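K.L.:
Sharing a model prediction with you, sequence too.
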Amino acid sequence: MKIALAADHGGYELKEKIKVYLLQKGIELLDLGCNIGDSVDYPNYGKACGEAVMNGEADSGIVICGTGIGISIAANKVKGIRCALCTSLFMAEMARKHNNANVLALGGRILTPELALDIVDVFLTTEFEGGRHQHRVDLLHCIENGTL
Ligand code: RB5
């Protein structure tokens, strides 16, 4: 499993913690920045992560900004991306089981690092349930190609 990670300055510290945590677990990472805590623009990072997932460089992604809102909106602009902003374990579980989310968004100024790492664990270990949820996920992509 290879995970793409991207953050703006509001998510930089949490990105670094997640990076250490996932590397310790032996998970391969693609760190798309930012590389320092300087002020950067979250749309560039959300887009980069979404594209890395869609072009197969990574299996799924994690994007982080201050609230998780801006960077999740950016990632969701990439065709094929289903980015879920999660603030609880339940949201992370549902994002995978029902939405088949392929990118997780977190708020670096919203979550404790402990909760954030637990959310990452749930997100990365929960399978999509398929069934009736597959049809709904298909409809999301009909919005993208103008058939809904
Ligand atoms: C940057 O200050 C902040 O606006 C950004 O990290 C994010 O929270 C936007 O949604």
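P.N.:
Done, it's in. Residues are numbered from 1 along each chain as shown.
K.L.:
Distance check, the residue nearest the centre of the chain against G131.
P.N.:
The chain has L104 as the residue nearest its centroid, 2.4 Å off, counting by C-alpha atoms, centre = their mean. Computed with C-beta to C-beta, to the nearest Å, the distance linking L104 and G131 is 22 Å. Using the backbone N, CA and C atoms, a C-beta is placed for each residue, glycine as well.
K.L.:
for the protein, what spans make up the helices?
P.N.:
12-24, 42-54, 69-76, 89-97, 113-125, 132-144 (DSSP state H).
K.L.:
can the ones you listed go into JSON lines with extra columns for mean neighbour count?
P.N.:
Listed next are the helices of the chain as JSON lines, based on neighbours: other C-beta atoms under 10 Å:
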{"stretch": "helix 12-24", "mean neighbour count": "17"}
{"stretch": "helix 42-54", "mean neighbour count": "23"}
{"stretch": "helix 69-76", "mean neighbour count": "23"}
{"stretch": "helix 89-97", "mean neighbour count": "18"}
{"stretch": "helix 113-125", "mean neighbour count": "17"}
{"stretch": "helix 132-144", "mean neighbour count": "12"}
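K.L.:
on that earlier part again, pretty sure the residue nearest to the centre of the chain contacts A92?
P.N.:
Yes. The pair L104 / A92 is scored as a contact, 6.9 Å apart, by C-beta atoms under 8 Å.
K.L.:
what sits in contact with each of those two?
P.N.:
Taking C-beta atoms under 8 Å, 6 or more residues apart in numbering as the criterion, L104 and A92 both touch 84, 86, 119-120, 123.
K.L.:
Just give me the closest of these to H135.
P.N.:
Set against H135, the nearest of the shared contacts of L104 and A92 by C-beta to C-beta is A84 (18.3 Å).
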